[in-house]
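Colleague: Here is the input, now give the coordinates:
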Amino acid sequence: MKLLFLGDVMGRAGRTAIIDHLPRLRAEWRLDFVVVNGENASNGAGLTPEHARLLLQAGADVITLGDHAFDQRDMLQFIETEPRILRPINFAKDAPGKGARVYEAPGGKKILVAQVLGQVFMKRPFSDPFSALDALLRTHPRGGLVNASLIDIHCEATSEKMAVGHFCAGKASVVVGTHTHVPTGDAQILTGDTAFQTDAGMCGDYNSVIGMDPEEPLRRFVTGMPKGRFQPAKGAATLSGLYVETDDRTGAATRVEMVRQGGRLASSGPA
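Modeller: Numbering: from 1, shown residues only. Prediction:
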């Protein structure tokens, strides 16, 4: 399968990048399945149903969320009616929606998509991501019940993301990090034929402080005092993510490429 994962969509600029680039990439790269992290798509805090529909219409097959999953209150009900949106599997036992599902790609191929939250440096405690992933991947072996599996590890610490990657090596097809909005340059295939990148980066304006207009973050860093709310930067956005090809029979990753399209970062992706 040809898979594309796109990192945290940041505000209007990020949504525009998805709408402008994703339909073309689906056609040019002949993508089988696209996963988009959308937890910051609505003014940098959560995802509204309206904006979720825009991302799905632009070509996302699945939208993952994160620690801001329910910042927009309408998502509490909408996620129960839209199976293409996933919140983290270890968010809370009584949280609405699901953290993992098996989806059908073209040709009847099956792909497991899941998201899990890390624990290190996060503002609130979440349950153990490793035990949650272990139970999930034991019941959904790649090359068995599913042709491929993709895990979005949403957390702050690069070390924790790397640990999750190695924990899932040989069990998942793809492990990719989100949350920090800064792309890492370590796309690789781990031992066990699992594609990995510590952080996919964001789909947003990189002339910013992790997607926010620099004025208020700078004020807080310099003075230690807030004056206003953070506002998403509104310049041209770069679409950032990870392209992966997998073996349909075994679920093993056979190719991995970092993706940069539009905006300020140098373009990259599969040739």
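
Colleague: and the residue nearest to residue 156 when sequence neighbours are not counted, backbone torsions?
Modeller: Distance criterion C-beta to C-beta, 6 or more residues apart in numbering; nearest residue to residue 156, sequence neighbours excluded, is residue 121 at 4.0 Å. Yep, even glycine has a C-beta here, placed from its N, CA and C like the rest. Backbone torsions for residue 121, taken as degrees, to the nearest 10, come to phi 60, psi 10.

Colleague: Run through the residues that contact residue 121.
Modeller: 155-157 (C-beta atoms under 8 Å, 6 or more residues apart in numbering).

Colleague: Then residue 198?
Modeller: Here residue 198 is in contact with 158, 161-162, 165, 177, 184, 186 (C-beta under 8 Å, 6+ apart).

Colleague: Could you rerun that using 10 Å?
Modeller: 153, 157-162, 164-165, 175-177, 180, 182-188 (C-beta atoms under 10 Å, 6 or more residues apart in numbering).

Colleague: Ramachandran coordinates for it?
Modeller: phi -60, psi -40.

Colleague: hmm, back to that, for residue 128, see how far away the residue nearest to residue 156 is.
Modeller: 16 Å (C-beta to C-beta, to the nearest Å).

Colleague: ok, so what distance separates the residue nearest to residue 123 when sequence neighbours are not counted from residue 246?
Modeller: What sits nearest to residue 123 in space, not counting adjacent residues and going by C-beta to C-beta, 6+ apart, is residue 67, at 7.2 Å. As judged by C-beta to C-beta, residue 67 and residue 246 stand 28 Å apart.

Colleague: the more surrounded of these two?
Modeller: residue 246 (30 against 21; other C-beta atoms under 10 Å).

Colleague: got a list of what that one touches?
Modeller: Contacts for residue 246 (C-beta under 10 Å, 6+ apart) come out as 1-3, 32-33, 109, 111, 142-143, 147-150, 173-174, 193-195, 252-256.

Colleague: Mind pulling up the pLDDT for it?
Modeller: The score at residue 246 is 98. That number is its pLDDT.

Colleague: again with residue 115
Modeller: Reading off the model, residue 115 has pLDDT 97.

Colleague: would it count as being in a strand?
Modeller: Yes. Using DSSP: H, G, I helix; E, B strand; the rest coil, the assignment for residue 115 is a strand.

Colleague: Roughly how far does it sit from residue 63?
Modeller: 10 Å.

Colleague: what ranges of the stretch 151-271 of the chain fall below the confidence cut-off?
Modeller: Under the criterion pLDDT under 70, no range of the stretch 151-271 of the chain is flagged.

Colleague: Run through the helices of the stretch 51-200 of the chain in chain order.
Modeller: Using DSSP state H, counting those that start in this stretch, the helices found in the stretch 51-200 of the chain span residues 75-81, 129-139, 158-168.

Colleague: Reformat those as TSV; add distance to residue 88.
Modeller: Output for those, formatted as TSV (distance: least, C-beta to C-beta, whole Å):
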stretch	distance to residue 88
helix 75-81	12
helix 129-139	8
helix 158-168	12
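
Colleague: picking up where we left off before, want to throw the contacts of residue 121 into a markdown table with neighbour count?
Modeller: Putting those into a markdown table (neighbours: other C-beta atoms under 10 Å) gives the following:
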| residue | neighbour count |
| --- | --- |
| 155 | 26 |
| 156 | 17 |
| 157 | 17 |
